[in-house]
Every structure is written in C-alpha cells, then in structure tokens.
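Undergrad: return atomic coordinates for the entry below.
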Amino acid sequence: MDETRTRFQKIVLLILAGMAVLFGVLTAVSHAHRGAYFEEALLRPESPARNVTVYTGKAHGTPVSVTVTRESDTRATVEFSIEGVLDDVCAVDYPLAPIRTERGATADGIRITKNGKLLFEGGYDPEDFHGWYKPDGTRAEGGAVTIRGGISSDPWYGFQITRRTALRFARGPELESRGSWEMYFMMLVFTFFVALDVAFPMTMFYLQHCCDVRDPEPSDFYLACQKAGWVVLPLVLLIGYCYALRMIP
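TA: Next comes the predicted model:
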C-alpha cells in the first residue's frame with residue numbers, strides 16, 4: 001500500500017490527526033469539570049461553609065445559583081436564584097415516618113414547602129419508577145415535571161421549580177460532565193476510515209472494486225469527487241466531534 005501523497009493529502013491527514021488528538025484532550029479536560037445538571041446546563045458545586053453547597057453557572061445564558069443548606073439528617077433548605085426569573089426557597093423534610101402505599105409497600109414520608117407554602121406532602125420511594133404518593137398511599141399525579149405552555153422566545157417562559165427538582169438538590173444531585181467518550185471513539189473510527197481513503201486512495205479504490213471489475217481504473221469524475229470528499233468529510237467529522245464534546249451522557 002505504498003503510494004505517493006500530494007501536499008494536499010498530507011495537510012488533510014494532519015488535520016484529521018489534529019482533530020482526533022485535540023478533541024481527545026478536550027473531552028478528558030471536560031470530564032475533570034463536573035457539575036449538577038439543570039436546564040441543559042451544568043452548575044459547578046462549591047462548599048463555602050460546612051453543610052452548605054452552592055451550585056452556580058449559566059442556563060439559557062442566565063446566571064443561576066442553587067444554595068443547599070443541610071440543617072439536619074432529615075431537613076435541607078434549597079434556594080433557587082435565577083436572575084430576572086425567580087427566587088424560590090424550598091424546605092425539604094425527608095425521610096420522615098414511612099407511609100403504606102396502595103402497592104402494599106412502604107415509602108418514606110416527605111414534606112416540601114416552597115416560599116413558605118406547602119408544595120407536596122406524602123411519601124417518596126426512590127426505587128419506584130413513579131415514586132410519589134399522597135398521604136393516603138395513592139399515587140400522586142402531576143407536579144413532578146415542569147409543564148410549559150404557549151409560544152414564547154423566552155426559554156424560561158412558564159418555568160417553575162418542581163418537587164422533583166427541589167428533592168434532587170436537597171439529596172445531593174449526581175455530578176455529571178460534558179463529553180461522551182462513546183461518541184468520541186465512534187468519531188475516531190470514522191476518522192480512521194477517512195484517513196485511510198486520503199492516505200491510500202488508489203488502494204482503497206482497488207479494494208472496493210476488485211471483486212466487481214477486472215483491472216478497474218478510476219475515472220476523472222471519481223477522482224474529483226474523492227478530492228471533494230477529502231474537504232467535506234473532515235468538516236462533517238468536526239461537527240461530530242463538537243457534538244460529542246457538548247453531550248451530557
């Protein structure tokens with residue numbers, strides 16, 4: 001597979017190798033910076049005082065701060081501050097005395113207030129897909145997700161802090177990071193095949209057609225399309241690498 005490569009081919013190969021190395025490093029760096037997922041953003045945690053954790057960052061371009069104060073083993077106060085949108089203070093009491101559910105099992109009691117008003121009271125079972133129960137043990141519907149209506153260019157239109165969001169931060173949200181290694185390695189495989197075509201174009205052509213045609217020779221149109229592909233495919237790979245880097249697994 002010894003072929004003479006033009007300057008253009010060498011440049012394309014360097015670009016492909018550079019992208020693979022660069023995005024590998026960027027993905028590793030991104031994984032070193034973890035945060036709590038909130039509205040398509042990751043909020044970085046800090047602990048300015050004992051039993052206090054502050055999650056800060058930007059979501060939809062707006063500064064966001066979530067301050068969690070652990071007051072006891074069963075009580076936490078969560079303050080949500082979204083600049084120009086809302087300032088809500090939620091008190092989460094969990095786990096409390098268990099209740100018996102309609103399924104015959106038990107769920108730890110929970111009470112959540114928002115700005116001094118009761119948001120939810122009943123039971124919560126993290127092992128249950130549904131999880132939320134009224135004080136009488138029946139399933140509690142609604143209120144677990146934010147439902148936004150209407151048409152608005154404002155990404156915060158109709159946004160509300162739900163019981164699920166309050167509880168997740170009170171319990172300590174799982175920290176995540178941007179950048180998918182699985183997607184990165186998939187792009188790496190695609191990069192390898194593109195690099196093979198750039199480095200050994202005639203060999204790849206013969207391997208592709210040797211079983212179909214005797215003594216195949218590429219046409220001028222084929223060669224022109226192949227060179228165009230050496231420009232387009234790296235751009236497609238770049239988009240894929242950028243997407244992989246922004247993903248939150």
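
Undergrad: buried residues in stretch 131-144, which are they?
TA: Neighbour counts over stretch 131-144 (16 or more other Cβ atoms under 10 Å) mark 131-134, 137, 140 as buried. (C-beta placed from N, C-alpha, C; glycine too.)

Undergrad: restrict it to CA atoms and write it as PDB.
TA: In PDB, the C-alpha atoms belonging to stretch 131-144 read as follows (Å, rounded to 0.1, in the frame of the first residue of the first chain):
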ATOM      1  CA  GLY A 131     -42.100   7.300  43.300                       C
ATOM      2  CA  TRP A 132     -44.500   9.900  44.600                       C
ATOM      3  CA  TYR A 133     -47.500   9.100  46.900                       C
ATOM      4  CA  LYS A 134     -50.200  11.000  48.700                       C
ATOM      5  CA  PRO A 135     -50.600  10.700  52.500                       C
ATOM      6  CA  ASP A 136     -53.300   8.100  51.900                       C
ATOM      7  CA  GLY A 137     -50.900   5.900  49.900                       C
ATOM      8  CA  THR A 138     -52.400   6.500  46.400                       C
ATOM      9  CA  ARG A 139     -50.200   7.700  43.600                       C
ATOM     10  CA  ALA A 140     -49.600  11.500  43.400                       C
ATOM     11  CA  GLU A 141     -50.000  12.700  39.800                       C
ATOM     12  CA  GLY A 142     -48.600  15.900  38.300                       C
ATOM     13  CA  GLY A 143     -46.100  18.400  39.700                       C
ATOM     14  CA  ALA A 144     -43.000  16.200  39.100                       C
END
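
Undergrad: top helix in this structure by residue count?
TA: Counting by DSSP state H, the longest helix found in the chain is helix 220-246.

Undergrad: pull out the buried residues from the helix or strand of the chain with the lowest mean pLDDT.
TA: Least confident element among the helices and strands of the chain, by mean pLDDT, DSSP states H and E: helix 201-209 (a mean of 73). Under the neighbour-count criterion of 16+ other Cβ under 10 Å, helix 201-209 has 201, 204-206 buried.

Undergrad: T77 versus L175, what's the distance?
TA: Remark: distance between L175 and T77 (Cβ to Cβ, to the nearest Å) = 20 Å.

Undergrad: actually, R164.
TA: 17 Å.

Undergrad: can you list the buried residues in the longest helix of the chain?
TA: Within helix 220-246, the residues that count as buried by 16+ other Cβ under 10 Å are 226, 230, 233-234, 237, 240-241, 244-245.

Undergrad: chain center to it, what's the gap?
TA: 26 Å (Cα atoms, centre = their mean, to the nearest Å).

Undergrad: and the angle for that helix with helix 201-209?
TA: Helix 220-246 and helix 201-209 are oriented at 100 degrees to each other (axes from the mean of the first three to the mean of the last three Cα atoms, to 10 degrees).

Undergrad: now do helix 220-246: which elements does it pack against?
TA: On a contact count with 3 or more Cβ pairs under 8 Å, 6 or more residues apart in numbering; DSSP states H and E, helix 220-246 meets helix 7-31, helix 181-199.

Undergrad: quick one: strands adjacent to the longest strand along the chain?
TA: Across the chain, the longest stretch assigned as strand under DSSP state E is strand 86-100. Note on strand 86-100: by DSSP bridges, its sheet partners are strand 75-82 (antiparallel), strand 106-114 (antiparallel).

Undergrad: rewinding a little: let's have the helices and strands packed on helix 220-246 in JSON lines, adding mean neighbour count, mean pLDDT and distance to L96.
TA: As requested, the helices and strands packed on helix 220-246 are exported to JSON lines (neighbours: other Cβ atoms under 10 Å; pLDDT from 0 to 100; distance: least, Cβ to Cβ, whole Å):
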{"stretch": "helix 7-31", "mean neighbour count": "15", "mean pLDDT": "95", "distance to L96": "37"}
{"stretch": "helix 181-199", "mean neighbour count": "16", "mean pLDDT": "94", "distance to L96": "40"}
